[in-house]
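# Fold the following.
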Amino acid sequence: METLNQKDHFHSFLRLNDRKIYAYILSILKNVHDADDVMQETSIVMWNKFSAFSPGMDFVLWGITIARYQILAFLRDKKRTKVKNSKAIINSIHNEVTRKLQDIDYHLDLLKKCAQKLDTVDRHLLKLRYEKGYTLQKIGELVSKSTRATYYSLARIHKLLLGCIRRNLAEQPV
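Residues are numbered from 1 along each chain as shown. All right, here's what the predicted structure looks like:
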């Protein structure tokens, strides 16, 4: 019997990563209703196999691998495709998405490093906007700025972050 702790870990991982896994499914199926069904099935399989997931594994890659098999089963069961080599096509898409996910993770790491270089006030504005989800007007009220001034502050911060990321990417060997 699974412990509550294991259940909490699973739900935490899934909550943090379900959008990436769903995006993968939707990129292949293109139909929201079908993608919803396959995501539901994928989540069930992931929960049933969570005991095989070990610390250090990439949860998203693990999840999209399971999703790939769920997509193939969905297409086989529903006979939704007339493409003869649908498995080869899905595997090709899977490989490309896996590579892109690694790129995204690398870019997110760069973004975090660059954000840490910002001053405290700028980091606070980013937190209000992207972690709390506040509107520009609400942020302006909280920091005693107009909505327009808040917009320009965030635009300046975005420019700083973009420049930092581009410098870091340029320094990487190709």
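
# tell me the mean pLDDT for the lengthiest helix in the chain?
Ranked by number of residues, the top helix in the chain under DSSP state H is helix 86-116. Mean per-residue pLDDT for helix 86-116: 79.

# Now do it: which elements does it pack against?
The elements that helix 86-116 packs onto, with contact taken as 3 or more C-beta pairs under 8 Å, 6 or more residues apart in numbering; DSSP states H and E, are helix 4-29, helix 59-78, helix 120-126, helix 147-171. Where C-beta positions appear, they are placed from N, C-alpha and C, glycine not excepted.

# Leu136 is in contact with Thr150, isn't it?
Yes: here Leu136 reaches Thr150: they are 4.8 Å apart, a contact under C-beta atoms under 8 Å.

# and these two? which has more neighbours close in?
Thr150 (23 against 18; other C-beta atoms under 10 Å).

# ok, and the closest non-adjacent residue to the more buried one?
Spatially, and ignoring its direct neighbours in sequence, Thr150 is nearest to Gly140 (4.2 Å; C-beta to C-beta, 6 or more residues apart in numbering).

# What residue in the protein is the furthest from its centre?
Within the chain, the residue lying farthest from the chain centre (C-alpha atoms, centre = their mean) is Ser144, at 33.1 Å.

# could you list every residue that touches the residue nearest to Thr150?
Ser146, Thr147, Ala149, Thr150 (C-beta atoms under 8 Å, 6 or more residues apart in numbering).

# 6 Å - rerun?
Applying C-beta atoms under 6 Å, 6 or more residues apart in numbering to Gly140 gives the contacts Ser146, Thr147, Thr150.

# how close does the residue lying closest to Thr98 once chain neighbours are set aside get to Asp34?
With sequence-adjacent residues excluded and distances taken as C-beta to C-beta, 6+ apart, Thr98 is closest to Leu61, at 6.2 Å. Distance of Leu61 to Asp34, computed by C-beta to C-beta, to the nearest Å: 22 Å.

# Pull up the gap between the residue nearest the centre of the chain and Ser92, please.
Nearest to the geometric centre of the chain sits Lys20, at 3.9 Å (C-alpha atoms, centre = their mean). Separation of Lys20 from Ser92 (C-beta to C-beta) stands at 19 Å.

# With Trp62 instead?
20 Å.

# Tell me how far the lowest-mean-pLDDT helix or strand in the chain lies from the chain's centre.
Least confident helix or strand, the chain: helix 86-116 with a mean of 79, by mean pLDDT, DSSP states H and E. Centroid separation for helix 86-116 versus its chain: 9 Å, with C-alpha atoms, centre = their mean, to the nearest Å.

# Now that helix: buried residues?
Ser86, Ile90, His94, Val97, Thr98, Leu101, Leu110, Cys114, Ala115 (16 or more other C-beta atoms under 10 Å).

# Alright, that wraps it up for me.
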